[in-house]
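K.L.:
Just the structure for this:
(2 chains)
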Amino acid sequence: MIRAIKGTRDILPPASAVWNHVERVARRVMESYAYQEIRTPIFEETDLFARGVGEDTDIVSKEMYSWEDRDGTRLTLRPENTAGVIRSYIEHRLDQRPGLQKLYYMGPMFRRERPQKGRYRQFSQIGAEVIGSESPAVDAELIEMVMEVLSQAGLEGARLILNSVGCKECRPKFLAALREQLKDVAAGMCNDCQRRAGTNPLRVLDCKAPEDQPAIEKLPSILDYLCETCRTHFASVRSHLDERGIGYEVRPRLVRGLDYYTRTTFEVVHGALGAQNSVLGGGRYDGLAEALGSKVPAPGIGFSIGEDRLVMTVEETHPGLMKGSIDLFIAPMGEAALRHSTLLARELRRGGAVVELAFEGKLKRVLETANKTGARYTLIVGDNEMESGAYALKNMATGEQETVTREQLAERFYGKH
RNA sequence: GUGGGUAUAGCUCAGCCGGUAGAGCGCUGGAUUGUGGUUCCAGAUGUCGUGGGUUCAAAUCCCACUACCCACCCCA
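P.N.:
Reported below is the predicted structural model:
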């Protein structure tokens, strides 16, 4: 048997309804903030990600699906989409368009990791980028928007975690201080931290090993090293969030995995996700466009929601979303009734109703099927009904049956959706 | 890349000390020639993950492999 490959999966009904729900809500909310959709290719030149995401990140150094095209070009299945969006922004000179560029996207990303709960090799992200402003109010609006997406999608009990990771000026000073102090204490820490101290000292701050916590407490905090500009920016983001009544927790040890982040970074975590408890991550990336070859500065900020993880929790808390929604199930009896019903079904469907039509089977079977699909009504169409023009309409919840004319059916079922 | 767990019907799983496979749900048909949900009756579906070994005999014991799940690393 040929199976879906490792780390990929089929989204079957009725679970697919939850995906549609989440995507519908996300579009509606983001468009209400005047964001517009951008669709970029699912594969790009490998170099885009190497330069955008960072050569030394895990994503680039060991997780990308890359191959050589027939002409020798190195190509890669996108492991995230910010680099692609910025590439597109530069290529199409979106900086020349009026106003801020507020763009959203949704779709599959690919990373070759060992799969586990909430982590797949093909996974979906819903993300947005706003490019062209450094204003802290932009940060706050973006965060407000994504919290709105999460709550309207049905996610409850999510926690927003906020930090600032500084800029090109102040971060190096912090890193130097961190490395300095790690020289003394790293030897006493877990094996992972001893390795991280050399390769990626920021990650030490995020270590989960309980025995390392006392040492981590004593390490320097980025917030004490922010330059004046970054400090002011962060304070302003916070006050904008406070004014909007958005709760958050400042965590100076919040670390993001991508090299391009500057200043504001944030994450939303949720308890019901297993070990991968982060449902979204995001942050500002003021130098990214220039790193990708833009002649003009294009400061920006964005986020991406792990759609698989969001769907996972919404599925659990809102099982009703997976119910089918057939308004009317038509049960024709015989060939003539089937032909008659076909036209009736089309009329009601054009009116906006969800109509299912049984193509074969005895009435009893059709009623059984209608019942199992959760259809609200069943319409029986036989010789009597065709002759009299009065159809038998059965309410599947109560079992009550009444006779209705074609006009009454239209009244009843038009505009259902 | 590393560690742990699991693998028996479409799904969830039982099957202890080896004796040749079961339940619930689902599916199909019937009780009901134009009426579902409840009930009752009947029925179908298994290379017991794959390969090898031990044994008179293996779903069961041993070995290897594979797949999936969970966790680490890391991240959405």
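
K.L.:
Flag every buried residue along stretch A:199-209.
P.N.:
Of all the residues in stretch A:199-209, those buried under the rule 16 or more other C-beta atoms under 10 Å are A:201-205, A:207. Just so you know, the C-beta spots here come from the backbone N, C-alpha and C atoms, and that holds for glycine as well.

K.L.:
Check the residues you listed against A:Glu385 and report the nearest one.
P.N.:
Of all the buried residues of stretch A:199-209, A:Arg203 has the smallest distance to A:Glu385: 71.0 Å, by C-beta to C-beta.

K.L.:
Just the helices from the stretch 51-200 of chain A, written as ranges.
P.N.:
Remark: helices assigned in the stretch 51-200 of chain A by DSSP state H, counting those that start in this stretch are A:58-62, A:82-91, A:136-153, A:171-185, A:191-199.

K.L.:
Those helices: which one's closest to RNA strand B?
P.N.:
Ranking these by proximity to RNA strand B (C-beta to the nearest atom of the strand) places helix A:58-62 first, at 3.6 Å.

K.L.:
I'd like to know which elements the closest one is packed against.
P.N.:
Helix A:58-62 sits against helix A:46-53, with contacts defined as 3 or more C-beta pairs under 8 Å, 6 or more residues apart in numbering; DSSP states H and E.

K.L.:
how long is stretch A:56-74 end to end?
P.N.:
Its start and end residues considered, stretch A:56-74 measures 18 Å (C-alpha to C-alpha, to the nearest Å).

K.L.:
before we move on, what about stretch A:38-45?
P.N.:
So stretch A:38-45: terminal residues 18 Å apart, C-alpha to C-alpha.

K.L.:
just to revisit the earlier point, and of the buried residues of stretch A:199-209, the nearest to RNA strand B?
P.N.:
A:Arg203 (4.0 Å).

K.L.:
Distance of the closest one relative to A:Leu226?
P.N.:
Taking C-beta to C-beta, to the nearest Å as the measure, A:Arg203 and A:Leu226 are separated by 20 Å.

K.L.:
try A:Ile216
P.N.:
Where A:Leu226 is concerned, A:Ile216 sits at a distance of 19 Å (C-beta to C-beta).

K.L.:
Among those two, which residue is more densely surrounded?
P.N.:
Per other C-beta atoms under 10 Å, whichever of A:Ile216 and A:Leu226 has more neighbours is A:Leu226, with 25 against 16.

K.L.:
If I look at that one, what pLDDT would I see?
P.N.:
A:Leu226 carries a pLDDT value of 95.

K.L.:
and it, what does it touch?
P.N.:
Counting by C-beta atoms under 8 Å, 6 or more residues apart in numbering, A:Leu226 makes contact with A:164, A:166, A:170, A:234.

K.L.:
repeat for A:Ile11
P.N.:
With contacts defined as C-beta under 8 Å, 6+ apart, A:Ile11 is in contact with A:Trp19.

K.L.:
thinking again about what came up before, by neighbour count, which of the contacts of A:Leu226 wins?
P.N.:
Within these, most neighbours by other C-beta under 10 Å means A:Ser164, with 29 neighbours.

K.L.:
Spit out the contact partners of it.
P.N.:
Residues in contact with A:Ser164 (C-beta under 8 Å, 6+ apart) are A:222-223, A:226, A:230, A:233-234, A:237, A:263-265.

K.L.:
For stretch A:281-292, measure first residue to last.
P.N.:
For stretch A:281-292, the first-to-last residue distance is 21 Å (C-alpha to C-alpha).

K.L.:
What residues sit buried inside it?
P.N.:
Neighbour-count burial for stretch A:281-292 flags A:281-289, A:292 (criterion: 16+ other C-beta under 10 Å).

K.L.:
Same list, those residues, but as JSON lines with pLDDT please.
P.N.:
Shown next, in JSON lines, are those (pLDDT from 0 to 100):
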{"residue": "A:Gly281", "pLDDT": "95"}
{"residue": "A:Gly282", "pLDDT": "95"}
{"residue": "A:Gly283", "pLDDT": "95"}
{"residue": "A:Arg284", "pLDDT": "95"}
{"residue": "A:Tyr285", "pLDDT": "94"}
{"residue": "A:Asp286", "pLDDT": "92"}
{"residue": "A:Gly287", "pLDDT": "91"}
{"residue": "A:Leu288", "pLDDT": "94"}
{"residue": "A:Ala289", "pLDDT": "94"}
{"residue": "A:Leu292", "pLDDT": "94"}
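
K.L.:
Could you point out which residue ranges in the stretch 51-200 of chain A have low pLDDT?
P.N.:
Across the stretch 51-200 of chain A, no stretch falls below the confidence threshold (pLDDT under 70).

K.L.:
closest point of it to RNA strand B, which residue?
P.N.:
As assessed by C-beta to the nearest atom of the strand, RNA strand B sits closest to A:Lys117 within the stretch 51-200 of chain A, at 3.0 Å.

K.L.:
Next one: stretch A:185-205, is it in contact with RNA strand B?
P.N.:
Yes - where contact is defined by C-beta under 7 Å from any atom of the strand, part of stretch A:185-205 touches RNA strand B, namely A:192, A:196, A:200, A:203.

K.L.:
Select, from the residues you listed, the two members most distant in space.
P.N.:
Using C-beta to C-beta, the pair of these lying farthest apart is A:Asp192 and A:Asn200, separated by 10.5 Å.

K.L.:
anything in the helix or strand where A:Val366 lies near RNA strand B?
P.N.:
If you go by DSSP states H and E, A:Val366 is part of helix A:363-373. Yes - counting by C-beta under 7 Å from any atom of the strand, RNA strand B has neighbours in helix A:363-373: A:363-365, A:367-368, A:370-372.

K.L.:
Using PyMOL, define a selection of the buried residues within these.
P.N.:
Under the burial definition 16+ other C-beta under 10 Å, those of these that qualify are selected in PyMOL by:
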select buried, chain A and resi 367+370
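
K.L.:
how about the residues of helix A:363-373 next to RNA strand B, which pair is most distant?
P.N.:
The span of those, defined through C-beta to C-beta, is set by A:Leu363 and A:Lys372 at 15.0 Å.

K.L.:
returning to that earlier point: take the helices of the stretch 51-200 of chain A and lay them out in TSV including distance to A:Tyr377.
P.N.:
Converted to TSV, the helices of the stretch 51-200 of chain A look like this (distance: least, C-beta to C-beta, whole Å):
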stretch	distance to A:Tyr377
helix A:58-62	52
helix A:82-91	46
helix A:136-153	30
helix A:171-185	63
helix A:191-199	60
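
K.L.:
ok, A:Ser135 to A:Met333 distance?
P.N.:
For A:Ser135, the distance to A:Met333 - C-beta to C-beta - is 67 Å.
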